[in-house]
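Chemist: Sequence and predicted structure, then a few things I'm wondering about:
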Amino acid sequence: MAVSNSENIYTIAPVKFIRATRALLLFIINHYLKMLFLGVLLTLLFSLSRLSDATELVKRGSLEQVTDFGDNPTGARMYIYVPEKLVHNPPIVVAVHYCSASAEIYFSGTPYAKLADTHGFIVLYPESTNEGACWDVSSDKTMIHNGGGDSNSIASMIRHTIKHYKSDTKKVFVMGSSSGAMMTNILAATYPELFAAASVYAGAPAGCFYTGTVAGWNSTCAQGEVVGTQEYWANVAKSMYPGYEGLRPRMRIYHGSADTTLYPQNYQETIKQWTGIFGYTDTPKGMFGSDPADPYTRYAYGENVEGAYGIGITHNLNMFGHADLEWFGI
Ligand SMILES: *[C@@H]1O[C@H](CO)[C@@H](O)[C@H](O)[C@H]1NC(C)=O
């Protein structure tokens, strides 16, 4: 077509002008559309990043409560500490308080939150709502996998945290003192699939504190008068998750020889329970003086069971945060 060819001698000035204007307009529209597209894309990306922020459960760098964490048959409370600098697929340390304590008290009184700042893991602090803030380590329902007791509620908190922070499921650990130590043994027995390792500070074997009531007090166990064989204790632990054949957590047991709340015999019984589970003898294969510190001696019964026994130490045990992290492999 004659008019469309710019080399055509019949092309006249106004046509050139119109074509130039049209080209300019097209350029502007094209450019504008590109910018618009870019704008929409940026807005979308920004809101997506906001969205991924929203999957964070709590504000970082302080102890925070989480309310909806799933099945919570006993109404236990969930608190967590998420450090500012979190590693990818962060490990979780569950820290279980003693009687009369709280998440807040355990948060400020144990070394794990500070260690989390350095190592980038999450600390989960369950809080008991039982009378006297003791954990239920005595009822039938807390001593069975998904049985509807406190162990069940704590397991829900852990699963919720794993899901929201995409935690490495091979790096979930539990530690606790006194009532929390007994709960640690119960958690290791009722939810062995959840934990890679545990640290027990002045507790009693899983099942030892049985009374058949919620948060009862078994003085026979407390006074170290429930004495069983390795087989007896291993069977008590196994009965808490019948049919379970998978991996079980590595256990470290701390106790003091002058403990008059949960008598030191409970150290021997707990060692029997876990060495029984792993098929070790209950005589130590290795003995390490002043480990983790004086006056404790560390005893190695096998790769998965260790004890640390402090001569002259009461129920008010020292906490060994660094040694625990080593034991956990964080
Ligand atoms: C204390 O626990 C043991 C098992 O460890 C049990 O045989 C005993 O009956 C319990 N005592 C009470 C008062 O429930």
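Modeler: Sure thing, it's come through.

Chemist: Next one: residue 87 from the ligand, what distance?
Modeler: Remark: distance between residue 87 and the ligand (Cβ to the nearest ligand atom, to the nearest Å) = 40 Å. For the C-beta atoms, the positions are set from N, CA and C on the backbone; glycine is no exception.

Chemist: and the stretch 201-330 of the chain, which of its residues are near the ligand?
Modeler: 207-208, 210-211, 218, 220-221, 226 (Cβ under 6 Å from any ligand atom).

Chemist: export those residues to JSON lines and tack on pLDDT?
Modeler: Shown next, in JSON lines, are those (pLDDT from 0 to 100):
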{"residue": "207", "pLDDT": "98"}
{"residue": "208", "pLDDT": "98"}
{"residue": "210", "pLDDT": "98"}
{"residue": "211", "pLDDT": "98"}
{"residue": "218", "pLDDT": "98"}
{"residue": "220", "pLDDT": "98"}
{"residue": "221", "pLDDT": "98"}
{"residue": "226", "pLDDT": "98"}
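
Chemist: So which of those belong to strands?
Modeler: Of those, none are assigned to strands by DSSP state E.

Chemist: Quick one, which of these are buried?
Modeler: By neighbour count, with 16 or more other Cβ atoms under 10 Å, these hold 207-208, 210-211, 218, 221, 226 as buried.

Chemist: Now the element after the helix or strand harbouring residue 308, going C-ward?
Modeler: Remark: residue 308 resides in strand 305-310, with elements defined by DSSP states H and E. Per DSSP H and E, the first helix or strand lying C-terminal to strand 305-310 is helix 321-328.

Chemist: Can you tell me what sits against that following helix?
Modeler: Here helix 321-328 makes contact (Cβ atoms under 8 Å, 6 or more residues apart in numbering) with 91, 93, 110-112, 114-115, 119, 171, 173, 175, 196-197, 199, 250, 252, 292, 306, 308.

Chemist: try 7 Å
Modeler: For helix 321-328, contacts defined as Cβ atoms under 7 Å, 6 or more residues apart in numbering pick out 111-112, 115, 119, 173, 175, 197, 199, 252, 292.

Chemist: Check stretch 141-153 too.
Modeler: Contacts of stretch 141-153 (Cβ under 7 Å, 6+ apart): 71-74, 76, 128, 135-136, 139, 183, 186-187, 190-191, 207, 240-241.

Chemist: now stretch 217-235
Modeler: In contact with stretch 217-235 (Cβ under 7 Å, 6+ apart) are residues 138, 204-205, 208-211, 261-266, 269, 272-273, 275-277, 282.

Chemist: Next, residue 118: secondary structure please.
Modeler: With DSSP: H, G, I helix; E, B strand; the rest coil as the basis, residue 118 sits in helix.

Chemist: before we move on, what about residue 132?
Modeler: When classified by three-state DSSP, residue 132 comes out as helix.

Chemist: Touching, it and residue 99? I think so.
Modeler: Yes. The pair residue 132 / residue 99 is scored as a contact, 5.6 Å apart, by Cβ atoms under 7 Å.

Chemist: neighbour count winner among the two?
Modeler: Taking neighbours as other Cβ atoms under 10 Å, residue 132 and residue 99 compare with residue 99 leading, 18 against 10.

Chemist: And for the more buried one, nearest residue in space, chain neighbours not counted?
Modeler: Distances taken as Cβ to Cβ, 6 or more residues apart in numbering place residue 134 nearest to residue 99, at 4.0 Å, with adjacent residues excluded.
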